[in-house]
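# Fold the following for me, if possible:
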Amino acid sequence: MSDLSTLAAVDLGSNSFRLQISRLVDGQFYSLDSLKESVRLGAGLGADKRLDDDSWARALACLQRFGERLRGFSPGAVRAVGTNTLRVAKNASVLLAQAEQALGFPIEIIAGHEEARLIYLGVSHALPRSHEKRLVVDIGGGSTELIIGNRFKPLRLESLFIGCVSHTRKYFPDGKITTKAMKAAELAAATELQTIRGEFDPSHWSQAIGSSGTARAISEVLEQKGGLTGLITSEGMEQLREQILQCGDVRKLDLPGLSDERVPVFPGGLTIMSSVFHELGITSMQTTDSGLREGVLFDMLGRFEHKDARDATVRQQMRRYHVDVAQAARVESLALQLYEEALENNGDEADRHLLSWAARLHEMGLSIAYSGYHKHSAYIAQNADMPGFSRGDQNHLALLLLAQRGGMAKLLPFVTRNEDWLLILCLRLAVLFHRGRADLTLPHLRIRGRAQGWVVEIDSEWSAANMLTQANLEAEQAGWESAPFSLRIKNLRVD
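Have a look, this model is predicted:
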């Protein structure tokens, strides 16, 4: 960890983009630098769910500035995550390459439940230790995350499609704050919250915590009105609600403690928080400065210390889908052996993890049906809630699971990295050799690369004694003729 003692987290939110640079000392992070820009990406999302040019230009300009600050950081020391607006924007995948070039680092689009998990991870590390269950509410620009957890463990995670930017834009589009608009905004938020109210009422938690800009903005305004520092109360919000109604226009809002950049999205955020209090039975809420960025940092730390949340998720998926643990271990062992052999122990760590997870999960689709189980496995990997995995991670994993068997032509539109063909080969061969689902003595295997493919050398005596496997290998060799890389099976006499 000595070369990764300084880490950076980038949060591409629907309202603000933030960069947090922190130093790790004795298991705790100490802030070295923090940048924030109100990009309001969510405001550029049109009715067709596509980001407009102006909002994207603001985003790229911000990312270029962040990228300048991150020059010199190693790839493993920076993690950037995109949230709700980038989740729903139909042109996000096209724009992502531009964003990564501007920042200089990969960007992960994370699902709502993964955002909630990371928020709770950051908030829980900032709070005093307690055995009490806590409710964490994070109202972002495009979504609202709610989490119930105990100490560092989230117990319930939810992500709702309501946020301060989208809500303000929809219910206060001309800046006018009327009783009708206020009630409509509160009713819409309440409707979203009603679906989860039973699981998040006060019987399930002892303390409510608010994170993100909306919660902090409300608490700061209430503090200026004589309230306690970092505290939101239902009475205080009711007074605040009446005050902004009397004002009647967002452009006329002049509340001590409310920053200029927060003013344009404040009505939407306040109506969501008011509904959260009412629907979930909250009377008071403490606020914290910690949230998603700190969660990203602690999650990075866990990966470095071999406490990767993704490993825990894979184990949970194996249990959920009744995966044959012994068979998964056989396939994993051989797939990794072939990968190391092919690259002479110089493989990529991220690819090694991906191959390992794919081998462990390759049969989870059997719980649905044997026919096409590889397709079922891929569907589960792509669509399930998988804590720790970004959307990109899940798509990549699903690709390998789909590729484990069947024709190669179907893969051509989806394989965008040449490195993936080797991962596919290693997984397919491991599944093929262990088709008998029993421990066996494997032949002497050697895999080596050539200009446009690989040669797999096998003990000829073993091949002669295992004719079914040999026939399957010959069929596999023929199947690779439709792939951009070839495969040659070569039988050798090994003395």
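# Mind splitting this protein into its structural domains?
Split into domains by automatic domain parsing, the chain comes to 2-110, 128-287, 308-440.
# which residues of the stretch 301-450 of the chain fall in strands?
445-450 (DSSP state E, counting those that start in this stretch).
# so how many other residues sit close to residue 64?
Per other C-beta atoms under 10 Å, the neighbour tally for residue 64 reads 14. C-beta here means a position set from N, CA and C on the backbone, and glycine is covered the same way.
# before we move on, back to that, please tabulate the domains of the chain in CSV and include mean pLDDT and distance to residue 478 as additional columns.
Shown next, in CSV, are these (pLDDT from 0 to 100; distance: least, C-beta to C-beta, whole Å):
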stretch, mean pLDDT, distance to residue 478
domain 2-110, 92, 34
domain 128-287, 94, 46
domain 308-440, 93, 10
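# Export those domains as CSV, with columns for distance to residue 297.
Below are the domains of the chain laid out as CSV (distance: least, C-beta to C-beta, whole Å):
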stretch, distance to residue 297
domain 2-110, 5
domain 128-287, 14
domain 308-440, 13
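# nearest to residue 479, of those domains?
domain 308-440 (5.5 Å; C-beta to C-beta).
# Endpoint to endpoint, that closest one covers what distance?
Start-to-end span of domain 308-440 (C-alpha to C-alpha, to the nearest Å) is 31 Å.
# Check the offset of that domain from the chain's centre.
19 Å (C-alpha atoms, centre = their mean, to the nearest Å).
# And stretch 108-126, by the same measure?
Centroid separation for stretch 108-126 versus its chain: 8 Å, with C-alpha atoms, centre = their mean.
# List the buried residues of that stretch.
108-125 (16 or more other C-beta atoms under 10 Å).
# How about stretch 438-449?
If you call a residue buried by 16+ other C-beta under 10 Å, then stretch 438-449 has these buried ones: 443, 445-447.
# what sits up against that stretch?
For stretch 438-449, the external contacting residues (C-beta atoms under 8 Å, 6 or more residues apart in numbering) are 330, 334, 337-338, 341-342, 422, 433-434, 454-459, 462-463, 466, 494.
# What ranges does the stretch 351-495 of the chain have for its helices?
373-383, 391-403, 419-433, 460-465, 467-479 (DSSP state H, counting those that start in this stretch).
# Report the buried residues of the last one.
Just to be clear, that refers to helix 467-479. Under the neighbour-count criterion of 16+ other C-beta under 10 Å, helix 467-479 has 469-470, 473, 476, 479 buried.
# What's the local residue count around the closest residue to residue 437 other than its chain neighbours?
The shortest distance from residue 437 to any residue other than its chain neighbours is 5.4 Å, reached at residue 327 (C-beta to C-beta, 6 or more residues apart in numbering). Residue 327: 20 surrounding residues under other C-beta under 10 Å.
# Contact partners for residue 327?
Residue 327 touches 363, 434, 437, counting by C-beta under 8 Å, 6+ apart.
# Can I get these in a markdown table including neighbour count and distance to residue 89?
Shown next, in a markdown table, are these (neighbours: other C-beta atoms under 10 Å; distance: C-beta to C-beta, whole Å):
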| residue | neighbour count | distance to residue 89 |
| --- | --- | --- |
| 363 | 25 | 35 |
| 434 | 24 | 42 |
| 437 | 12 | 44 |
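# Keep only those of the buried residues of stretch 108-126 that are in strands.
Counted as lying in strands by DSSP state E, out of the buried residues of stretch 108-126, are 108-109.
# quick check, nearest of the contacts of residue 327 to residue 41?
Nearest to residue 41 out of the contacts of residue 327 is residue 363 (C-beta to C-beta; 40.1 Å).
# Touching, that closest one and residue 326? I think so.
No: Residue 363 is not in contact with residue 326 according to C-beta atoms under 8 Å; the separation is 11.2 Å.
# Let me know the closest of the contacts of residue 327 to residue 392.
Nearest member of the contacts of residue 327 to residue 392, counting by C-beta to C-beta, is residue 363, at 23.4 Å.
# Nearest residue to that closest one in space, please, no chain neighbours.
Distances taken as C-beta to C-beta, 6+ apart place residue 323 nearest to residue 363, at 5.6 Å, with adjacent residues excluded.
# Not counting sequence-adjacent ones, nearest residue to residue 255?
In space, residue 255 is closest to residue 221, 5.0 Å off (C-beta to C-beta, 6+ apart).
# Give me the phi and psi angles of residue 136.
Here is the backbone geometry of residue 136 (degrees, to the nearest 10): phi -110, psi 130.
# any idea how far it lies from residue 92?
Counting by C-beta to C-beta, to the nearest Å, the gap between residue 136 and residue 92 amounts to 26 Å.
# Equivalent analysis for residue 46, please.
In this view, residue 46 and residue 92 are 13 Å apart by C-beta to C-beta.
# Which one's more surrounded, the two?
residue 92 (20 against 11).
# in which helix or strand would I find the nearest residue to the more buried one once chain neighbours are set aside?
Once flanking residues are discounted, residue 92 sits nearest to residue 86: 4.8 Å by C-beta to C-beta, 6+ apart. Taking DSSP states H and E as the criterion, residue 86 maps to helix 84-88.
# and that helix, how far from the chain's centre?
Put simply, helix 84-88 sits 12 Å off its chain's centre (C-alpha atoms, centre = their mean).
# Which SSE is immediately downstream of it?
Remark: after helix 84-88, the chain's next helix or strand is helix 92-103, criterion DSSP H and E.
# could you check the angle helix 391-403 makes with that next one?
With axes from the mean of the first three to the mean of the last three C-alpha atoms, to 10 degrees applied, the angle from helix 92-103 to helix 391-403 works out at 120 degrees.
# quick one: buried residues of helix 92-103?
Neighbour-count burial for helix 92-103 flags 92, 95-96, 99, 102-103 (criterion: 16+ other C-beta under 10 Å).
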